[in-house]
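Asks: sequence below, structure please.
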Amino acid sequence: MNFPFGKEIVLENSSALLRPLQISVTKNLLQVAAEDETIFQFSPIPIFSEELMKSYLEKAIEQRICKVRYYFSIFDKKKNAYAGSTAFLNISNVDSRIEIGSTWLGKGFRGTGLNRNCKYLLLSFAFGELGAERVELKADERNTASRKAIEKIGGRFEGILRSHTVMNDGFRRNIVCYSILKEEWNEMKDHFLK
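Replies: Here you go, the predicted model:
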C-alpha cells in the first residue's frame, strides 16, 4: 500500500462530497460545530470556537504534510451544506492497514444516511485504490451511538483498549476497536448503500 499524501483526494457520490480539509472551510465547519457542543463530548479535542477550529484545521493540514493523517471536510450534497469532518488515521503502508476515524457530523446531518455514504466512499478508496487489507474503526467505549453506527456498517468488534486516550478534561477513555477486512468488504460493498 502507498498512501498518496501529496494527492488532492476527492471522494464523491450522489449524497456526499469529501475534500481535503483546508483553512478556507473554517467558518463553514465552525457554524456546524457551534450548533451543538455535545458533538465533541467523546472527542479529546473540542472544536466549537473559532480559535479551536482554526487550530484543529492547522494541525490537520500539518499532519497531512508530515504524512501522518489525511483529513476531509464532509459536504452534504442533498442539503447543499458542510456537515463535518472525517479522516484516514494510523496509516501503515507496510502493513496495508488504515483507520477511518475522527468523524464528526452536525446534529442535523445525523441519521440521514450521510455517514454511511461517507464510510462507503472511504472504504471503497481504502480497499480499491489503496489495496488495503484491513480498515480499523475505533470509538470511545461510552459513545454508544458511534459504536452502533460502526457495527451497522459491518465493523467487527475486536476488543477494548483500556485507559487509551487522555481527554481534554484529563479523563482517560477506553477505546473500542473494530475492523473490516478486504474479503469482508468484497462481500458487503455491493449492498452497502441499500
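
Asks: pretty sure Ala139 sits in a helix.
Replies: No: under DSSP: H, G, I helix; E, B strand; the rest coil, Ala139 sits outside any helix and is assigned strand.

Asks: quick one: the closest residue in space to it that isn't next to it in sequence from Arg162, how far?
Replies: Computed as C-beta to C-beta, 6 or more residues apart in numbering, the closest residue to Ala139 that is not its neighbour in sequence is Ser146, at 4.0 Å. C-betas here are computed from N, CA, C, even on glycine. Remark: distance between Ser146 and Arg162 (C-beta to C-beta, to the nearest Å) = 18 Å.

Asks: and these two? which has more neighbours close in?
Replies: It is Ser146, of Ser146 and Arg162, that has more neighbours when counted by other C-beta atoms under 10 Å, with 19 against 10.

Asks: what comes up buried for whichever strand or helix holds that one?
Replies: Ser146 is part of helix 144-152 when elements are defined by DSSP states H and E. For helix 144-152, a neighbour-count test (16 or more other C-beta atoms under 10 Å) marks Ser146, Arg147, Ala149, Ile150 as buried.

Asks: ok, the first one - contacts?
Replies: Under the criterion of C-beta atoms under 8 Å, 6 or more residues apart in numbering, the neighbours of Ser146 are Phe42, Ala139, Asp140.

Asks: avg pLDDT for stretch 140-153?
Replies: Across stretch 140-153, the average pLDDT comes to 95.

Asks: chain center to that stretch, what's the gap?
Replies: 13 Å (C-alpha atoms, centre = their mean, to the nearest Å).

Asks: got it, and stretch 147-167?
Replies: 13 Å.

Asks: identify the residues contacting that stretch?
Replies: The contact list for stretch 147-167, computed with C-beta under 8 Å, 6+ apart, reads 44, 115-116, 119, 137, 139-141, 172-180, 184, 188, 192.

Asks: break down this protein into its helices, ranges please.
Replies: Using DSSP state H, the helices of the chain run over residues 26-34, 50-65, 114-124, 144-152, 182-188.

Asks: now the angle from the second one to helix 26-34?
Replies: Put plainly, it is helix 50-65. Computed by axes from the mean of the first three to the mean of the last three C-alpha atoms, to 10 degrees, the angle separating helix 50-65 from helix 26-34 equals 110 degrees.

Asks: which neighbouring elements make contact with helix 50-65?
Replies: helix 26-34, strand 70-76 (3 or more C-beta pairs under 8 Å, 6 or more residues apart in numbering; DSSP states H and E).
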